[in-house]
Every structure is written in C-alpha cells, then in structure tokens.
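Participant: sequence and predicted structure are below.
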Amino acid sequence: MAHTAFASLFAVLSPVNLLANLIGVLFGLFIGATPGLTISLGMVLLLPVTYTLPPITSFSLLLGLFVSGMTGGSISAILLNIPGTPSASATALAGYKLSKKGRSAEAIATAVTSSFVGAMLSLVVLVLVSPIIARAALHFGSVELAALVFLGLALISSFAQESVVKGLVSGMFGLVLTTIGLDPITGTPRFTFGVVNLQNGINFLPVMIGLFAVPQVLSGIVLKAEVIPRVSREIRGVFSRITDVFKYMKYKVISSLIGIGIGAIPGAGGPIAVFLAYDNARRMSGKRKKEFDDGSPEGVAAPEAANSALTGGALIPLLTLGIPGDPITAVLLGALMLQGLTPGPLLFRTNPDFVYAVFWAFLIAAVLVLFVALLSIRVWVTVLRVPKWILLPVIAIFCVVGTYSLNNSFWDTGIMLIFGFMGFLMKRYGFPLVPMLLAIVLGPSFERNTRTALILSNGNASVFLTHPISLLFLLIALASILTPVIRKGVARLGPKDLKK
Amino acid sequence: MNKPNTVAGSILFTVAAGYGYMIVTLPNRNLPNTMGANFMPTIFDICLALLSLALIAQGIWRNTSREGGQAPVPLTARNVLGIVAVFGIFFAYIFLINVIGFLVVTPLVLLALLLLQGIRRPIALIAVCLGVTAGVYVLFRYGFNVQIAGINLL
C-alpha cells in the first residue's frame, strides 16, 4: 500500500501533472472570482481537454479547478459584495464590510488561509474515511447498487429548488434520453431511427456543455444579463499575511468540520454549510456580536473554511459510492467515466494508484491555491475588469471547439446546440438543469443494475426490500424525495415571516 | 393560471405519448426470465406522463407565474431575433469550420458576436478577433495537442 501511495505521489509530482494542477488552479481562481461563471461551467469547459489526457493529469487539472474555484469565489464576494460562487455567499456578509473599512487585504488573506485549512482538514478526513466506506461497499451486489444509484437519482428533488415537479420532470426527461441507443442487456437498438451515431446513446459531454454554457452565452449576448460587474479597487500586502493561516484556528476547525459533514451528504449543498458555519461563528463570538456583524475576519474565516472543506467532503460519496453530491461532483463523475474509470468501491480495489493520486493531487492543489492566490491577487482584481463582451464570445468558441475536438464530429456539436437551446428554455421557465445532468450520468447504471438484479431474482421485485442495505438506501431515497415537498408544505402553512 | 407550466406540461405529455408509441413498436427480443428492452422505457414513460399531467394541473390551479421565483422577463421581438442570430452564427460556424478552416472562420464568428453586442470600435474588434483566435488555436493545438477542428487550417 505504501509503495502504491508513493508511486502515486511521484506520478502527481511529475512536471506535466504539476503543470496541469497549476493550470486548473489558475483557471479555477478566474472562474471562481468571476461572478456569473460557475465552477461546474469551468469544469464542463475543461472536460473536452481532459478527454485526451491520462487520468491522473486530467484529475490534477480538475481538482485544481475544484479547490481553487471555491477560494476564488471569495475574491469578488469581498471586493464587490457579489459572491463568485453560491458557496461564497456568506463570505460577502463580513468580507465586503471589511473591504469597505479599507481592510480588503486582510479579508482576502483570511479567506485564502481559511480555505487552505478547510481543504487540508477535509483531505485528512477523506483519506481516513473513504477506504473504510469503500471496503464496506465492496459487498454490494446488483440489488444494493441499483438501490444506491436510485438514491443518487432521488437527489434530483433536492436540486429542484423552485418546483419539485419541474425538477422531477427535468430528471425524468434525462432518464428518457438515456434509453436511446443499444439496450445494455439484449443489445436491441432503441429509439435510434436507424442513425448510427445514436447507437452508442447520447454522449453526455456535449449535453453538459450545451445545458450549462450555451444558455450563459445566450443570456449574456441577447438578454444583456450582467455577467461581470466592474471593479476598481487596489489592494496590497496580501502575501505577507500568509502567517494568518494560524489565526482564528478555533473558527476554522469547527467550520471545516461543518463543511466536511455537509459536503459528505449528497445533495445538501454548499450554501447550507457556509451559512451554518457563519451562524456558528457568530454565536462563538459571544459578546463581540456587534463587532462581528459590522464585519470581522472571523466572519470571513468561518464560511471560507467551510466551503473549502466541502470539496473533500463531497469527494467521499463520489469516490466510495459513485454518488455525486452536487453539480460539480456530477461533472467530476462524468470526467471519471470519460477516462473509463467507474467510481465506487471497486475503484479502490482496481485502481488504488488512481485513488491515491486523487488524494495527492488534492493536497497539491490546496497548497498551490494558498500560494498562487496570495501572490497573484492583483491579477485577479484586474481579471474582474474583463468586460463581458470579450468573455462571452470566448466561451462560445470554447463550446464549439471543445465539443468538436471530442470525436472530430459535427454530430456532437449539433447535440450541444440542441441541448443549449433546451437549456436556455429550461432555465427561462424554471426547470432546473442539474437533475437532467444527474439522470443522464446515472441513468445507464441504474438500468443495468436494476435489470441485472431482477434477472438474478427471477423477476422478483421484492428483492429490493428484503436486502437490508438496499432497503436502507430506498428509505433514505424516499426521505430525500419527500423532504423538499414537506419543507415547502410547512413553509406554505407557516407564518409570513417563515415564508420569507 | 400559469400558462408556461400548462404549455410545457402539454408538450411533455405529447412527448410521453410519442415515446410510448415508440416503446410499443420496439422489437421484442427477450432472453428467458428477463425484462425486455422496453422495461425501463415503459417505467420512465409512465412517470413522465404523470409528471407532465402534474405540471398541467399546477399550471391550471396555481395563479403564480413561477413557483417561488420571478416571472421570466418577456422576450421582445428584438430578443427573439438575437437568439435566432446567435444560433445562426453557431450553426454557420459548425458548417464553415469544416469548409474554410478554423483560422479563417473563427475571427468572422467572433466579429459577428461582438457586433451583435453593439461593439463598434475597430481596434477592439480586430484585437479580440485575432487575439482570441490565435490564443484558442495555440492552446488547443500545441497546449493540449488536440487536432483542432481537425481540418483545413491555413
């Protein structure tokens, strides 16, 4: 085991992989710092590139983006009061107030160093906990796996923030799309209309690019949606504050634990963790609540540690069970599948070198973010001034070239455009996009495992209820479907203040 | 009444009906003791049909224009033209990239997108069109070793 771990470390430290990690970090800081661009969008734009890279290189790139994107979100939150990512929303509360007091450098340094602490603690938990979960999950058969994938699909309802029905419609439409192509058990062509390109089903990568990136371009160019506001703040002396990493340690550790816990629960979502951490820090400030509310470094440290700790937490269910907990890990799941790797318990047995490489790449990304973000803060302030009229056409070109380069095929670019138009309409009329993405990624696995389980049990569907682990997963799935419905019902019945 | 929900529900119900018809016409090639190729599609189709009916019901009985969120800004004729123009540019790009080559067609596409956004300064137009094209080309071709658009590069 130690030999594998060290071999993976050397692989991750190779110049190419280090460079990939660094590029991911730089791109992530840019994406995170730019309001309107999400980490998932950044990952989707990079996916076509990762397709041509070896697994460790591609994951060095994506993990660099994942870890740094979370930190990058705090830059615009602190300087503009506009969170670059949803998980940076709580950072804006205290960070912007500090910035207005002329303490931008202190706020940014606190955010970056807290992110580092959060990421490191979550890595420790990831390394310690995930092999245990993976070992237990190795005993899963097709019945348990089908129930587990169903649990993953049930998260659709938690991503449906505005309307559960619309979320379920979006997910169900995604599942319908996964039935296009050859039947996984009998090989019968389904809904292919004699088109050879449809026999392998719909490639989820053009779908992802279409759903997430094209609506952004359309909204920005046509509807003039605000993508990037202007900023003109000068800040100095950030790197010298690297020693702040040891400040406010109590807040950072507790908030990190909150972030890890929430991140490990699929579908819980980053904003919950950061607001919980912020609220907890506020209570911890005791008699200094007034000072805390007026903007304090602790108010930046807590949510930033929590949102970076989310990253390691979110990797636990992804790597051990193959369940993506949020849109970003759903894209990471897609990236793993593009590389021919199946996330889940078997990954730890069949590709331990890759799993160790993920851990090491995560560690290196966290260290790189600390130094790069502190050293290059003035660059990111400049980047915030990039006008949207330049950025949007660049994203458009990336969409087309990235999709085309997958298979040198216009078929994929056509699919991307069709789903881009669909994504635009879905966003406009309140249909969430993530459920469709989740369904397209998990649908084939759900069908394969469910039908295998039914074949092995001679068509007896009660097998899903008689296996205790499967039953447990189904009950959790049921709870996760019903929770948003109940929560909405309670909010509707409750007092007006609660509704707000 | 929430018209968008009713319309979306009706469209989805029609899709579910069409999908149901295609499921019925699927070739029956079952192995012994197995569910056929139509097993999962049938389940998904029933769920989709029920959900589309729920959406129609929500559209009829709810007064809100959009549950919990804000109603979408109405599209003006200018917006619709803009959307058509952007998709037209995308389709033309995909078609022409194979015919003319990346290095020729990309600056033209960028120019069209910039003009669509109301940018008229010649220097900005030239700088962005040429700079971005060169940057993307170098990044994909030499950075990632991708045969960019695989074709008639000048």
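Facilitator: Arrived safely.
Participant: do you know how far B:V15 is from chain A?
Facilitator: Note on B:V15: its distance to chain A, by Cβ to the nearest Cβ, to the nearest Å, is 8 Å. Placement of C-beta: from N, CA and C, glycine included.
Participant: what helices or strands is the helix or strand that contains B:T42 leaning on?
Facilitator: Using DSSP states H and E, the secondary-structure element containing B:T42 is helix B:39-61. Taking 3 or more Cβ pairs under 8 Å, 6 or more residues apart in numbering or on different chains; DSSP states H and E as the contact definition, the neighbouring helices and strands of helix B:39-61 are helix A:164-178, helix A:434-456, helix B:3-24.
Participant: want to throw these into a markdown table with mean pLDDT?
Facilitator: As requested, these are exported to a markdown table (pLDDT from 0 to 100):
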| stretch | mean pLDDT |
| --- | --- |
| helix A:164-178 | 90 |
| helix A:434-456 | 85 |
| helix B:3-24 | 92 |
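Participant: tell me the most buried of these?
Facilitator: Each of those was assessed for mean neighbour count using mean count of other Cβ atoms under 10 Å in any protein chain shown. The highest is helix A:164-178, with a mean of 25.
Participant: other SSEs contacting the helix or strand following that one?
Facilitator: Counting by DSSP H and E, the next helix or strand C-terminal to helix A:164-178 is strand A:181-182. Helices and strands in packing contact with strand A:181-182 are listed as strand A:189-190; criterion 3+ Cβ pairs under 8 Å, 6+ apart.
Participant: give me the number of residues near A:P15?
Facilitator: Each residue near A:P15 was counted by other Cβ atoms under 10 Å in any protein chain shown, and the total is 7.
Participant: what do you get for the one 4 residues further on?
Facilitator: For A:L19, the neighbour count with other Cβ under 10 Å is 15.
Participant: now do it, the pLDDT please.
Facilitator: Per-residue confidence for A:L19 comes out at a pLDDT of 93.
Participant: ok, A:M70 next?
Facilitator: At A:M70, the pLDDT recorded in the model is 83.
Participant: just to check, it is in contact with A:S115?
Facilitator: Yes: the criterion here is Cβ atoms under 8 Å, and A:M70 meets it with A:S115 at 6.4 Å.
Participant: joint contacts of the two?
Facilitator: When contacts are counted by Cβ atoms under 8 Å, 6 or more residues apart in numbering or on different chains, the set common to A:M70 and A:S115 consists of A:307-308.
Participant: what about the closest residue to A:A273 other than its chain neighbours, which helix or strand?
Facilitator: The shortest distance from A:A273 to any non-neighbouring residue, by Cβ to Cβ, 6 or more residues apart in numbering or on different chains, is to A:I262 (3.7 Å). In this structure, A:I262 sits in helix A:249-264 according to DSSP H and E.
Participant: what residues does that helix touch?
Facilitator: Looking at what lies outside helix A:249-264 - Cβ under 8 Å, 6+ apart - the contacts are A:114, A:117-118, A:121-122, A:125, A:268-270, A:272-274, A:276-277, A:280-281, A:284, A:298, A:301-303, A:305-314, A:316-317, A:325.
Participant: any chance of a PyMOL selection covering the buried ones in those residues?
Facilitator: One line in PyMOL is enough to select the buried ones among the contacts of helix A:249-264; burial here means 16 or more other Cβ atoms under 10 Å in any protein chain shown:
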select buried, chain A and resi 114+117+118+121+122+125+268+269+270+273+274+276+277+280+281+284+298+301+302+303+305+306+307+308+309+310+311+312+313+314+316+317+325
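Participant: which residues touch the spatially most central residue of chain B?
Facilitator: Using Cα atoms, centre = their mean, the residue of chain B that lies closest to the mean C-alpha position is B:F87, 9.2 Å off. By Cβ under 8 Å, 6+ apart, B:F87 lies in contact with A:417, A:421.
Participant: please apply the same query to A:I415.
Facilitator: Residues touching A:I415, when contacts are defined by Cβ under 8 Å, 6+ apart, comprise A:202-203, A:206-207, A:210, A:403.
Participant: and what of A:I242?
Facilitator: Shown in contact with A:I242 (Cβ under 8 Å, 6+ apart): A:109, A:113, A:370-371, A:374.
Participant: so of the residues you listed, which two are at opposite extremes in space?
Facilitator: Put simply, by Cβ to Cβ the two of these set farthest apart are A:A109 and A:F371, 12.3 Å from each other.
Participant: so where is chain B shaky, pLDDT-wise?
Facilitator: Confidence mapping of chain B against pLDDT under 70 gives the ranges B:1, B:29-34, B:63-73, B:143-154.
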